[in-house]
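Asks: need a 3D model of the following:
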Amino acid sequence: MAVTVLHETVRRFYPNAPRMDILGMRAIAKGLRYAGQTPPDDDQLHTLSLLGDIVSNGLYYSFSGGGKMALWRGTILGAAAGVGGVVLPGPMGLGVAPSARTKETQALTIGYYLVAGVVAGAVAKWLRKVKV
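Replies: Below you'll find the model as predicted:
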């Protein structure tokens, strides 16, 4: 949830912010076209993209687990996701502008996912301590 909230908040105020929502919209539309379906309108695609981000990031960052190494695992997962967010969209045919149009956009993309990984690791570690 942290990375999606961060993306959506900063993009409204900062023109060089990464637009991971656009990458999500493109990926959904591309998948639907590949399956012979017509993609929904942009508003619906945006909603689906945000929901997909929350679910997929939640599943991904859950691998940080708990215990002593949770913070490190979360940090490593976040760094890997950030680098992937910059490097992979182009080869996947989703375009590079949303996450890599400037050096600043690239740094923010990596930073967002790194922050999300740290948050995930810290929460996992905390939850393990309180034995929820």
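Asks: give me the low-pLDDT residue ranges for this structure?
Replies: 131-132 (pLDDT under 70).
Asks: rerun at 90
Replies: Scanning the chain for pLDDT under 90 picks out 1-7, 64-68, 124-132.
Asks: the helices in it, which residues?
Replies: Applying DSSP state H to the chain gives helices spanning 2-11, 20-34, 42-61, 70-87, 97-100, 103-130.
Asks: show me what the shortest one is packed up against.
Replies: With contacts taken as 3 or more Cβ pairs under 8 Å, 6 or more residues apart in numbering; DSSP states H and E, helix 97-100 sits against helix 20-34, helix 70-87, helix 103-130. In short, each C-beta sits where N, CA and C put it, glycine included.
Asks: now the shortest one against helix 2-11, angle please.
Replies: So that's helix 20-34. On the basis of axes from the mean of the first three to the mean of the last three Cα atoms, to 10 degrees, helix 20-34 is oriented at 110 degrees to helix 2-11.
Asks: in helix 20-34, what's buried?
Replies: Buried residues in helix 20-34, counted by 16 or more other Cβ atoms under 10 Å: 20-29.
Asks: again with stretch 50-62
Replies: Across stretch 50-62, burial judged by 16+ other Cβ under 10 Å covers 50, 52-53, 57, 60-61.
Asks: closest to A70 among the residues you listed?
Replies: Minimum distance to A70 across the buried residues of stretch 50-62 is 10.4 Å, recorded for Y61 (Cβ to Cβ).
Asks: measure the closest one to A27 for me?
Replies: 19 Å (Cβ to Cβ, to the nearest Å).
Asks: V3 too?
Replies: 16 Å.
Asks: how about M1?
Replies: Taking Cβ to Cβ as the criterion, M1 is separated from A27 by 20 Å.
Asks: contacts only, for F13.
Replies: Going by Cβ atoms under 8 Å, 6 or more residues apart in numbering, F13 touches no other residue.
Asks: and if you look at the one 3 residues further on?
Replies: For N16, the contacting residues are 101-102, 104-105, 108, by Cβ under 8 Å, 6+ apart.
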